[in-house]
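Asker: pasted the sequence and its predicted model underneath.
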Amino acid sequence: MNTKTRYIPFVFALVLALSTLGIATSTALAQKPVKSEYQMSTTGVLTGVCTFDITNDSTNDVTEIDYFDQSGSLTRMEWHIVEQDTFTANGKSLVGIPFTFNVKVLFDSQGFMTHVYADGVTEKIWLPDGRLFISAGRVDFAAHGFPQYILSPDYGNPGNIAGFCAALAP
């Protein structure tokens, strides 16, 4: 057996032991995360995307995991969401296709929300002309003042905004 091969099981066992110790130490410092699942519906107004305001009705299936520090303060929330939207303006409606995304919410030591990041699809809709409007990527809600809804991501594919607006135009 050559020298390099002989040490592989030892190195593997050492890495496994150290990683287990590291995990045990880090989890001992924090309280156990809390997982919950729920549904929610919201209605809001989407402004600044088209030359007119759009009502957005949203339904969401949410899996939420809350993380706490050793003192019990909330430090992070993670959501896995399946959402479907209906957009209405000028007597017309667009019903979206259900889409999935993940959200990470970070809190400072005083419990104030500092960042809300979303990754994944931000909208998916068949437009009346047969084209698929799809926007996907990463959104930093804090950079936008924590609005309720953002149609296009900061990074990624913004979607066919002109086609979306045309479908709801007067």
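Answerer: Ah, there it is.
Asker: could you identify the helix or strand that succeeds the helix or strand bottoming out on mean pLDDT in the chain?
Answerer: The weakest-scoring helix or strand in the chain, judged by mean pLDDT, DSSP states H and E, is helix 3-28 (a mean of 39). Downstream of helix 3-28, the next assigned helix or strand under DSSP states H and E is strand 34-46.
Asker: would you mind writing the CA trace of the next helix or strand after that following strand as CSV?
Answerer: Next helix or strand after strand 34-46 toward the C-terminus (DSSP H and E): strand 54-68. The C-alpha coordinates for strand 54-68 follow below in CSV (Å, rounded to 0.1, in the frame of the first residue of the first chain):
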residue,chain,number,x,y,z
ILE,A,54,-52.0,47.4,-11.4
THR,A,55,-53.8,45.5,-8.6
ASN,A,56,-52.0,42.3,-7.6
ASP,A,57,-53.9,39.5,-5.8
SER,A,58,-51.4,36.8,-4.6
THR,A,59,-51.9,33.4,-3.0
ASN,A,60,-48.9,31.7,-1.4
ASP,A,61,-48.1,28.3,0.1
VAL,A,62,-45.2,29.0,2.5
THR,A,63,-42.7,26.8,4.4
GLU,A,64,-41.0,29.0,7.0
ILE,A,65,-38.0,28.2,9.1
ASP,A,66,-37.0,30.7,11.9
TYR,A,67,-33.5,30.7,13.4
PHE,A,68,-32.6,32.1,16.8
